[in-house]
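1. sequence and predicted structure, then a few things I'm wondering about:
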Amino acid sequence: MDILCFGEPMLEFNEQSDGRFLAGHGGDTSNCAVAASRSGARVGVLTHLGADAAGDSFMQLWKNEGIDTEAVARNAHAHTGIYFITHGPDGHSFSYLRKGSAASLIRPSDIDPEVIGRAGILHVSGITQAISDTSCDAAFAAIDAARSAGVKVSYDTNLRQKLWPLPRARAVIHAAMEMADIALPGLEDAEALTGLSDPDAIADFYLGLGAETVALTLGSDGTLVAAGDRRERVAAFPVEAVDATAAGDTFDGAFLAELRAGSDPFVAARYANAAAALSTQGYGAVAPMPTRNAVEAFLRE
Ligand code: ADP
């Protein structure tokens, strides 16, 4: 398996401008897994779902996408992750996340080092959004298992400030970043977490924590990639973006898939910028995520 994604899948209900709610599969873990799989990587998900209809629906999605579910367990006493997003008149978004999901109850003892040892990369995102101390400990257990087995660790900050106070989130995320080989922060998160605003300074910060590769995503300004002594701004692709909700997750999945396909981080970022740009052209997280063929056709245009 190329990439094993750890975290909390969530069914999302996203308010549209006409007041309707668009329902879809979301949560960065599942989004990243789908994006990587569509880019041709062999992908698995490591999580717990509830024994409910939302859980069935994720299992069906992953089956359709060719994603391995060997490391997915169902908890009969908890619900599958779920959240709602509403938008205020000034464009501000508010999200409500239902606590206590099956994924938030994952314990360190649920982590099977053997499953992790079979992956090329363990991708963990936003330990803060795993909501509970237990699942946070489980995330670190997974990271430890990966490091012991020589599996690369990839980490995306995916900060959700409302769930944990910033100082606490910062401490936990920095601890995770210290163990990550591949750091995939978004600029907004990184600014809040590091107190820095200059992308180069932020890249230096994450290299200083120990990452060998940093890809700092800058929205429509593309990505700053730093690896070893080399550093480059990789341009975004100008597109009419209608919904950039899962752009960062699509970037992560496509970037990791392309690394596993043998590209260097700079080539991988160009590929991932293209995949993420395409994903902003449709509504919802999963539906507009492009396949490798679509990304390559777009890059040839
Ligand atoms: P996050 O959601 O994690 O903050 P970003 O907003 O930085 O992630 O977006 C991730 C990537 O998606 C960017 O590096 C860029 O390649 C692409 N992207 C995001 N917004 C746009 C846009 N408006 N136009 C083109 N590409 C975009």
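-> Perfect, I can see it now. Just so it is clear, the structure is predicted and the values come from calculations on it, not from any experiment. Numbers count the residues shown, from 1 in each chain.
2. point out where the stretch 151-300 of the chain drops to low pLDDT.
-> Within the stretch 151-300 of the chain, the stretches with pLDDT under 70 are 161-163.
3. closest residue of it to the ligand?
-> Nearest to the ligand in the stretch 151-300 of the chain, going by CB to the nearest ligand atom, is G248, at a distance of 2.1 Å. (Each C-beta comes from the backbone N, C-alpha and C, glycine too.)
4. what about the closest residue in space to that residue that isn't next to it in sequence, distance to G88?
-> Take G248 and drop its neighbours on the chain: the residue closest to it by CB to CB, 6 or more residues apart in numbering is G186, 5.2 Å away. Using CB to CB, to the nearest Å, G186 is found at 22 Å from G88.
5. what's the answer for G117, then?
-> G117 is 46 Å from G88, by CB to CB.
6. more neighbours: the two, which one.
-> Higher neighbour count among G117 and G88: G117, with 15 against 8, using other CB atoms under 10 Å.
7. list the contacts of the spatially closest residue to the more buried one that is not a sequence neighbour.
-> Spatial nearest neighbour of G117, chain neighbours left out: A149 (3.7 Å); criterion: CB to CB, 6+ apart. Contacts of A149 were listed using CB atoms under 8 Å, 6 or more residues apart in numbering, and they are 113, 116-117.
8. which helix or strand lies directly C-terminal to the host helix or strand of the residue of the stretch 151-300 of the chain closest to the ligand?
-> Assessed by DSSP states H and E, G248 sits inside helix 247-260. Going down the chain from helix 247-260, the next helix or strand is helix 265-279, by DSSP H and E.
9. returning to that earlier point: the helix holding G248 packs against which elements?
-> strand 3-6, helix 28-38, strand 121-125, strand 152-156, strand 213-217, helix 265-279 (3 or more CB pairs under 8 Å, 6 or more residues apart in numbering; DSSP states H and E).
10. make JSON lines from the ones you listed and add mean neighbour count and distance to I106 to it.
-> Shown next, in JSON lines, are these (neighbours: other CB atoms under 10 Å; distance: least, CB to CB, whole Å):
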{"stretch": "strand 3-6", "mean neighbour count": "30", "distance to I106": "9"}
{"stretch": "helix 28-38", "mean neighbour count": "29", "distance to I106": "12"}
{"stretch": "strand 121-125", "mean neighbour count": "27", "distance to I106": "12"}
{"stretch": "strand 152-156", "mean neighbour count": "25", "distance to I106": "17"}
{"stretch": "strand 213-217", "mean neighbour count": "27", "distance to I106": "27"}
{"stretch": "helix 265-279", "mean neighbour count": "25", "distance to I106": "28"}
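11. distance to the ligand added to those, as JSON lines?
-> Formatted as JSON lines, these follow (distance: least, CB to the nearest ligand atom, whole Å):
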{"stretch": "strand 3-6", "distance to the ligand": "15"}
{"stretch": "helix 28-38", "distance to the ligand": "8"}
{"stretch": "strand 121-125", "distance to the ligand": "9"}
{"stretch": "strand 152-156", "distance to the ligand": "7"}
{"stretch": "strand 213-217", "distance to the ligand": "3"}
{"stretch": "helix 265-279", "distance to the ligand": "3"}
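12. tabulate those (JSON lines), appending distance to D52.
-> Listed next are these as JSON lines, based on distance: least, CB to CB, whole Å:
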{"stretch": "strand 3-6", "distance to D52": "21"}
{"stretch": "helix 28-38", "distance to D52": "16"}
{"stretch": "strand 121-125", "distance to D52": "23"}
{"stretch": "strand 152-156", "distance to D52": "27"}
{"stretch": "strand 213-217", "distance to D52": "33"}
{"stretch": "helix 265-279", "distance to D52": "28"}
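13. closest one to A71 among those?
-> Nearest of the helices and strands packed on helix 247-260 to A71, taken as CB to CB: strand 3-6 at 6.9 Å.
14. tell me which parts of the chain are close to the ligand?
-> 186-188, 217-220, 222-223, 236-237, 239, 241, 244, 247-248, 251, 273, 276-277, 280 (CB under 6 Å from any ligand atom).
15. picking that back up, the residue nearest to G248 bridge partners, please.
-> Beta-bridge pairing for G186 (DSSP bridges): T217.
16. what residues are up against it?
-> G186 sits in contact with 156-158, 216-217, 219, 248, where contact means CB under 8 Å, 6+ apart.
17. pretty sure A119 is touching V153, no?
-> No. Counting by CB atoms under 8 Å, A119 does not reach V153; the two are 10.0 Å apart.
18. quick check: neighbours shared by the two?
-> A146.
19. F237 - how many residues pack around it?
-> 17.
20. residues near V234, how many?
-> 20.
21. which residues touch the residue nearest to it when sequence neighbours are not counted?
-> Take V234 and drop its neighbours on the chain: the residue closest to it by CB to CB, 6+ apart is A269, 4.1 Å away. Each residue near A269 by CB under 8 Å, 6+ apart is listed here: 215, 222-223, 225, 234, 255.
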